[in-house]
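K.L.:
okay, predicted coordinates and the sequence, questions at the end:
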Amino acid sequence: MICFALVTATVFGVVSKNTNAERIKYSARVFAEFMVVGLVLAWVLYFLPL
Amino acid sequence: MGNADSSQSNISNKAWLIAILSLFIPGAGHLVQRRFGRGAILSSCVIFCFCIGIYLGGQIASPFVNDPSSAFVLQILKLFSNIGNGLIYVVCLVAGIGQNYDSKSAEVFTFEYGNHFILISGLLNYLITLDAFDIFVGRKE
């Protein structure tokens, strides 16, 4: 999950922003969002009786 | 007016060439336009993602093999995203890498992770191709 989030966040950041500072900031934000959403979903699914 | 039209069409042809180059070799569209840093980062991301997918036991979709366990539409979508890897996909297809279409390979617990890494690398390369095209036509810096 970390590898996936890292690669995807890097590409999104490089492709969608114009300056280096904006790219780093956006990549870090997307990476954090992937990690937080992934972990929250994992715990929610853990408690669901599926 | 005629010169402007031919120059416009020349730019358009070059932009499509760059898009095709970028599709075949991830990041090459940026490298050709002298965006070396960006090209290197994007290229390494796609190749890294694809290699992890193969390492985890993922399979590439072959246009010559019909998978009876999967719906036709899903096979087409998988093939579309795999083709996005460009030359890496062709090399793997020719060399027979990532093409063990038997039940044993699906028993590996990282099999699905590998598949998704390969799908994602292809889709990211489509995004990179669009970015290279946009840079050339002046929509982006």
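P.N.:
Arrived safely, thanks for sending. Numbering: from 1, shown residues only, chains lettered A, B, ... in the order given.
K.L.:
where's A:V37, which helix or strand?
P.N.:
helix A:20-47 (DSSP states H and E).
K.L.:
quick check: buried residues in that helix?
P.N.:
A:23, A:26-27, A:30-31, A:34 (16 or more other C-beta atoms under 10 Å in any protein chain shown). Just so you know, the C-beta spots here come from the backbone N, C-alpha and C atoms, and that holds for glycine as well.
K.L.:
tell me the pLDDT at A:V30?
P.N.:
Looking at A:V30, its pLDDT reads 94.
K.L.:
that one against A:F12, yeah?
P.N.:
Yes: at 5.2 Å, A:V30 and A:F12 qualify as touching, with contact defined as C-beta atoms under 8 Å.
K.L.:
the one helix or strand B:F80 maps to near chain A at all?
P.N.:
Using DSSP H and E, B:F80 sits within helix B:72-83. No: Helix B:72-83 lies out of reach of chain A by C-beta under 8 Å from any C-beta of the partner chain, never closer than 13.8 Å.
K.L.:
which helices and strands sit right next to that helix?
P.N.:
Here helix B:72-83 is seen to pack against helix B:111-137 when contacts are counted using 3 or more C-beta pairs under 8 Å, 6 or more residues apart in numbering or on different chains; DSSP states H and E.
K.L.:
I'd like the average pLDDT over the helix it packs on.
P.N.:
For helix B:111-137, the mean per-residue pLDDT is 92.
K.L.:
is that helix in proximity to chain A?
P.N.:
Yes: with C-beta under 8 Å from any C-beta as the criterion, chain A is reached by helix B:111-137 at B:116-117, B:120-121, B:124, B:127-128, B:131.
K.L.:
how far out from the middle of the chain is that helix?
P.N.:
The chain centroid and the centroid of helix B:111-137 are separated by 5 Å, computed with C-alpha atoms, centre = their mean, to the nearest Å.
K.L.:
same deal with stretch A:43-50?
P.N.:
Worked out by C-alpha atoms, centre = their mean, stretch A:43-50 lies 22 Å from the chain centre.
K.L.:
what of stretch B:127-138?
P.N.:
15 Å.
K.L.:
that stretch: which residues count as buried?
P.N.:
B:127-133, B:135-136.
K.L.:
need the residues of helix B:111-137 next to chain A in TSV with distance to B:R35, can you?
P.N.:
As requested, the residues of helix B:111-137 next to chain A are exported to TSV (distance: C-beta to C-beta, whole Å):
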residue	distance to B:R35
B:H116	28
B:F117	25
B:I120	22
B:S121	20
B:L124	16
B:L127	15
B:I128	11
B:D131	9
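K.L.:
and the two most separated of the residues you listed?
P.N.:
Checked with C-beta to C-beta, those reach their widest spread between B:H116 and B:D131, with 22.3 Å between them.
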